[in-house]
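Participant: here are the coordinates; sequence isn't available:
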């Protein structure tokens, strides 16, 4: 039984390469207008596909819309797919963030 069509990877990478919020909305700030969710943006120093500067731009655009956005950069030389590896720093960041979200959801913070 085949579980994965190799061509699907080509379509996924093409979709990622062509996806551009700025061209669709005019700016990142406009793209995030009306967003109600909280965000945790994690960046890795060795990620050349989604570099840290782009993550920081997203966070600034979210904050310009008064959206709660946290940011963390993790040192790593493993490139884009580092999030697929066991990464204690990333695990700790996500765990802490989710615990804080649960605390806020229960009325601890606004």
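Facilitator: Structure received. Everything numeric in this text was worked out from a predicted model, so none of it was measured.
Participant: so for stretch 31-50, what's the average pLDDT?
Facilitator: For stretch 31-50, the mean per-residue pLDDT is 93.
Participant: distance across that stretch, terminal residue to terminal residue?
Facilitator: 18 Å (CA to CA, to the nearest Å).
Participant: can you show me the helices along this structure?
Facilitator: 6-18, 21-25, 28-31, 52-64, 88-105 (DSSP state H).
Participant: may I see those organised as CSV, with mean neighbour count and distance to residue 76 added?
Facilitator: C-betas here are computed from N, CA, C, even on glycine. Putting the helices of the chain into CSV (neighbours: other CB atoms under 10 Å; distance: least, CB to CB, whole Å) gives the following:
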stretch, mean neighbour count, distance to residue 76
helix 6-18, 9, 20
helix 21-25, 12, 25
helix 28-31, 17, 25
helix 52-64, 16, 11
helix 88-105, 12, 9
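Participant: so which of those helices is nearest residue 74?
Facilitator: Nearest to residue 74 among the helices of the chain is helix 88-105 (5.1 Å), distances taken as CB to CB.
Participant: tell me what that closest one is packed against?
Facilitator: Applying 3 or more CB pairs under 8 Å, 6 or more residues apart in numbering; DSSP states H and E, one finds that helix 88-105 contacts strand 39-44, strand 69-74.
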